[in-house]
Structure formats: structure tokens, C-alpha cells
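> After the sequence you'll find the predicted model.
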Amino acid sequence: MYRVDFPPAGAGKGLQFQWDPVAGVLFGRDAAFVLLAVQDALRDGTVTSHPWPTIYRVHDPLHSLPELAAVISQFCVLNDEWQSALGRIAPPDEGIEPDAMQVLY
């Protein structure tokens, strides 16, 4: 279970929510907002985030820390753990580890 309370990136209010990655469930103050962002990412199959404009392919952000980190990093400043998870990426022409995310461009 993760308790997220990240400061804003820019003029926003930051994000506060809880996340159960095993169940794939979000709840708390900003859970509905994050869920909408996840749904947008899943509809597109990608999310553009830091370092701008990196495009990440996403398949299951509600069960994947790197993928959820990519989604929410659009709106807030990640802590070290989540930033590190976002850093587990691989270029599309290299082998991809099971917990790594693929950068499209």
C-alpha cells in the first residue's frame, strides 16, 4: 500500500491518494483525478512525461509503479522512490526487463 502526498509541478495543488498495487485500487482525495489520468493513458497507450517530452508506453498503470509514476509525474514532483521507478525504462531497440517501461521517443 502506498500513501502518496506529492507537491505540485507548477501551479497545481499536488496529489494525495492511496494506492494498492496488488488490487489495482486508488482511493483518497485525488483518486478520481488520478484514475481519469490513468484512463486517458490507457486509451492512448502512452503518456508524455519527464524528461519532457519523453513518451512512455503504458499497459497497466494501476498495477505498475513505473507506469503510475509516469502518469502522475505529469502533475506533481515525485519522491525518490517513485522517481527511481520512473527511471526503470529501456529504449525500444534494447531488451526490456519485466519491470521496465519502454520509451517510445
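Structure's in. What do you need? Note that this is a predicted model, so its numbers are computed, not measured. Numbers count the residues shown, from 1 in each chain.
> Show me what residue 57 is bridged to.
For residue 57, the beta-bridge partners under DSSP bridges are residue 46.
> can you map out the strands along the protein?
For the chain, the strands defined by DSSP state E occupy 2-6, 15-20, 25-27, 46-49, 54-57, 89-90, 101-102.
> among those strands, which is the most enclosed?
Here the criterion is mean neighbour count by mean count of other Cβ atoms under 10 Å, and of the strands of the chain the winner is strand 101-102, at a mean of 21. Where C-beta positions appear, they are placed from N, C-alpha and C, glycine not excepted.
> which helices and strands does the lengthiest helix in the chain pack with?
Counting by DSSP state H, the longest helix found in the chain is helix 31-44. Where contact means 3 or more Cβ pairs under 8 Å, 6 or more residues apart in numbering; DSSP states H and E, helix 31-44 is packed against strand 15-20, strand 25-27, helix 65-72.
> Relative to residue 77, how far out is the nearest residue to residue 82 once chain neighbours are set aside?
Counting by Cβ to Cβ, 6 or more residues apart in numbering, residue 82 lies nearest to residue 69, which is 4.5 Å off, once chain neighbours are set aside. Using Cβ to Cβ, to the nearest Å, residue 69 is found at 12 Å from residue 77.
> Which residues are in contact with each of these two?
Common neighbours of residue 69 and residue 77, counting by Cβ atoms under 8 Å, 6 or more residues apart in numbering, are absent.
> out of the two, which sits in the more crowded spot?
Taking neighbours as other Cβ atoms under 10 Å, residue 69 and residue 77 compare with residue 69 leading, 25 against 15.
> what's the more buried one in contact with, if anything?
Counting by Cβ under 8 Å, 6+ apart, residue 69 touches 78, 82, 83, 85, 86.
> pretty sure residue 73 is touching residue 52, no?
No: between residue 73 and residue 52 there is no contact under Cβ atoms under 8 Å: 10.1 Å.
> Who has more neighbours out of the two?
It is residue 73, of residue 73 and residue 52, that has more neighbours when counted by other Cβ under 10 Å, with 22 against 7.
> hang on, the earlier thing: got the angle for the longest helix of the chain vs helix 65-72?
For helix 31-44 against helix 65-72, the angle by axes from the mean of the first three to the mean of the last three Cα atoms, to 10 degrees is 100 degrees.
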